[in-house]
Structure formats: structure tokens, C-alpha cells
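A.B. asks: sequence and predicted structure are below.
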Amino acid sequence: MTHVEKANDLFSRKFHCSQAVFAAFAEELGITEEQALKIGACFGSGMRKGEVCGACSGALMALGLKYGQANEQDLESRFKTNEVTDRFLDEFKKENGSYLCNDLLGCDIKTEAGIKEALEKKLFTEFCPKMVESATKITEELMNQISS
């Protein structure tokens, strides 16, 4: 199963976008799918407030696990993480117009009215899977381009 297929499968099973993207990369990054699902659980729907798209948050978690700084002396990994973060967000914005959930959805999901609008327009089931796929593809491309 490809990363995109895995992320789409998890999202279709009602996991948050953040969980789906992060868990698609979990095993190869040294954590279990269950751990990734738990770590990513609080980031869906832009942290439930329409902020940074949860699919982007899940992608950044995966990229951080691969490239992130874990030693205070290792400034090279800090710079690499900053670079990969910028590249991911720039590419996602270029592809989708924004990386902010409310902007992507065109409604304010931190309000009851905004959630209702998103549900009526079937954004969570018809639009969000495209964001999951986009974030997963960009993450995979970056991981293939940038060495650890």
C-alpha cells in the first residue's frame, strides 16, 4: 500500500486528517501506527479551530520525526528541519492556495455555523481527502529528495 493509499484509507475510516497523514509514514519512521494515531489526534481541523490544516500538521510531524533536531549541539538538523518545513508549507500553499484550514474550506469551523456549513457542503468528506492526498504526496516527495 502506498503512503497516499494508506492515508486515504485511514481518513476514510474517520481518523482526522492529521492522524491519517502522520500514520501513513509511521512504521518506516520507527513508531507504530497506533502511536502516530494517538500523537496526531489533537491536530485535525486545524487543531479544531481552523488554523493550520491538520493534513499539514500530520505531514510536519512525519518530517520532524525524520529530520528533526534531537541534540542541542546538532544545529545542522535544526536548519534542515526549518528548510523542509518551509519547503513543505510553500509547496502545499502553491498547490492548494493556503495551508490554513478555514481558508481552504472557505468557512470558519471554529463556529457552529461554520461547522454546519462545512457539513452541508460535504467539505470534510469530499474536499478534505484531497488535502490529505496533497500533504502525503508532498511529504513523500520531500523525503525522497532530502537525505537524512
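C.D. replies: Okay, I see it.

A.B. asks: so how far is Phe127 from Gly114?
C.D. replies: Going from Gly114 to Phe127 by CB to CB, to the nearest Å gives 14 Å. Where C-beta positions appear, they are placed from N, C-alpha and C, glycine not excepted.

A.B. asks: overlap in contacts of those two?
C.D. replies: When CB atoms under 8 Å, 6 or more residues apart in numbering defines a contact, the residues bordering Gly114 and Phe127 alike are Leu105.

A.B. asks: low pLDDT regions in the chain?
C.D. replies: 148 (pLDDT under 70).

A.B. asks: which one in it is furthest away from the centre?
C.D. replies: Going by CA atoms, centre = their mean, the residue of the chain most distant from its centre is Gln73, 28.1 Å out.

A.B. asks: which residues in this protein form helices?
C.D. replies: Counting by DSSP state H, the chain has helices at residues 3-12, 17-24, 33-39, 44-45, 54-67, 75-96, 101-105, 112-120, 128-145.

A.B. asks: pick the most buried one from those helices.
C.D. replies: helix 17-24 (a mean of 32; mean count of other CB atoms under 10 Å).

A.B. asks: what is it packed up against?
C.D. replies: helix 3-12, helix 33-39, helix 44-45, helix 54-67, helix 128-145 (3 or more CB pairs under 8 Å, 6 or more residues apart in numbering; DSSP states H and E).

A.B. asks: could you dump those helices to TSV with distance to Lys122?
C.D. replies: Shown next, in TSV, are the helices and strands packed on helix 17-24 (distance: least, CB to CB, whole Å):
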stretch	distance to Lys122
helix 3-12	14
helix 33-39	24
helix 44-45	15
helix 54-67	17
helix 128-145	10
